[in-house]
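A.B. asks: this one's sequence-less:
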């Protein structure tokens, strides 16, 4: 369930949230322009995540029956590589090459004329808002999980679709709001950046911490379904986002892929282990 929700959160960000943002923004502003260099970096990082996560999954399948002693070193090594890559990505984005991620001249501005907040006030507001969003997500995820079980939804659909959408509602809502306001750089950065954070930071961190705080260590034994849907979702995002221009039809394309994946997961029969 944890692994399925991680993959589902990535897909919900780059397909559902970004698709709706492009649809609403494209309908209001005809064409949304954003920095193609930053989008290509986001896309390449997502492809890196797919390739890197696929290798431990292939190793687990090669072993056949679960063998934690043999697969744990691969999971730990992969997690360390992903975390190191994420740190390098932050350095590249914030310190060495921030110009590649700068918003275009026509969007990305604050869009208000009020007084500028101090750093302390901005940081405090961010922390309080983050804590509130995390608490609300926890409440919503618990309610959604109980509702899904009551409605007879399969565990795969529950983890990859329902819980992923509810748990990432804050990021998705922010990306959609930015797209509607013609701030395409922010919309792309929030949606794709959140997916990169989940793939390269949250997932490996959970693997490392699970050996200490969880009853059993969490591995990177993603199923072929999870890796396949992640690859297909990433490929359509890479194809669409590399030119720096978005329209409502591109949003339709992203949303169509997500709906097809969600529909297949919903009607997938539950196979006993």
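C.D. replies: That came in fine, so what should we check first? Given the structure is predicted, the values throughout are model-derived calculations rather than measurements.
A.B. asks: switch to C-alpha atoms for all contacts and neighbour counts from now on
C.D. replies: OK.
A.B. asks: Could you check the pLDDT of the closest residue to residue 47 other than its chain neighbours?
C.D. replies: Spatially, and ignoring its direct neighbours in sequence, residue 47 is nearest to residue 234 (6.5 Å; Cα to Cα, 6 or more residues apart in numbering). Turning to residue 234, the model gives it a pLDDT of 92.
A.B. asks: quick one: average pLDDT of stretch 266-273?
C.D. replies: 64.
A.B. asks: and if you look at stretch 2-13?
C.D. replies: 89.
A.B. asks: Return the distance of the helix or strand where residue 41 lies from the chain's centre.
C.D. replies: Per DSSP states H and E, residue 41 falls inside helix 36-63. Its chain's C-alpha centre and that of helix 36-63 lie 13 Å apart, by Cα atoms, centre = their mean, to the nearest Å.
A.B. asks: these two touch, right, the residue nearest to residue 47 and residue 48?
C.D. replies: No. The pair residue 234 / residue 48 is not scored as a contact, 10.1 Å apart, by Cα atoms under 8 Å.
A.B. asks: and these two? which has more neighbours close in?
C.D. replies: residue 234 (23 against 17; other Cα atoms under 10 Å).
A.B. asks: Would you check how far apart that one and residue 43 are?
C.D. replies: 7 Å (Cα to Cα, to the nearest Å).
A.B. asks: Check residue 87 too.
C.D. replies: 17 Å.
A.B. asks: What of residue 94?
C.D. replies: 17 Å.
A.B. asks: who's more crowded, these two?
C.D. replies: Counted by other Cα under 10 Å, residue 94 and residue 43 do not tie: residue 43 has more neighbours, with 25 against 13.
A.B. asks: ok, the more buried one touching residue 236?
C.D. replies: No. In this structure, residue 43 is not within contact of residue 236 by Cα under 8 Å, at 10.0 Å.
A.B. asks: Return the set of buried residues in the strand or helix carrying residue 76.
C.D. replies: Taking DSSP H and E as the criterion, residue 76 maps to helix 68-91. Buried positions in helix 68-91, judged by neighbour count with 16 or more other Cα atoms under 10 Å: 71-72, 74-76, 78-80, 82-83, 85-86, 89.
A.B. asks: name the helices or strands packed onto it?
C.D. replies: helix 36-63, helix 203-213 (3 or more Cα pairs under 8 Å, 6 or more residues apart in numbering; DSSP states H and E).
A.B. asks: Which residues does stretch 30-43 contact?
C.D. replies: With Cα atoms under 8 Å, 6 or more residues apart in numbering as the test, stretch 30-43 has contacts from 22, 25-26, 100-104, 106-107, 182-185, 188-189, 192-193, 196, 234, 237-238, 241-248.
A.B. asks: Can you tell me which of those end up in strands?
C.D. replies: 245-246 (DSSP state E).
A.B. asks: Just the ones in helices from the contacts of stretch 30-43, please.
C.D. replies: 22, 25-26, 184-185, 188-189, 192-193, 196, 234, 237-238, 241, 248 (DSSP state H).
A.B. asks: By neighbours, which of these wins?
C.D. replies: Neighbour max across the ones in helices among the contacts of stretch 30-43 (other Cα under 10 Å) = residue 22, 36 neighbours.
A.B. asks: burial count for residue 213?
C.D. replies: 10.
A.B. asks: mind checking pLDDT for residue 94?
C.D. replies: At residue 94, pLDDT is 89.
A.B. asks: Would you verify that it is located in a strand?
C.D. replies: No. Going by DSSP: H, G, I helix; E, B strand; the rest coil, the assignment for residue 94 is helix, not a strand.
A.B. asks: how much space between it and residue 87?
C.D. replies: 11 Å.
A.B. asks: Residue 2 too?
C.D. replies: Taking Cα to Cα, one finds residue 2 at 23 Å from residue 87.
A.B. asks: just residue 203 next, same as before
C.D. replies: 14 Å.
A.B. asks: what do you get for residue 228?
C.D. replies: 26 Å.
A.B. asks: what does residue 202 give?
C.D. replies: 12 Å.
A.B. asks: Point out where the stretch 1-150 of the chain drops to low pLDDT.
C.D. replies: For the stretch 1-150 of the chain, the stretches with pLDDT under 70 are 63-70, 104-114, 130, 133-145, 148-149.
A.B. asks: Repeat the analysis, applying 90 as the threshold.
C.D. replies: For the stretch 1-150 of the chain, the stretches with pLDDT under 90 are 1-6, 35-38, 53-75, 94, 97-150.
A.B. asks: Done for today, thanks.
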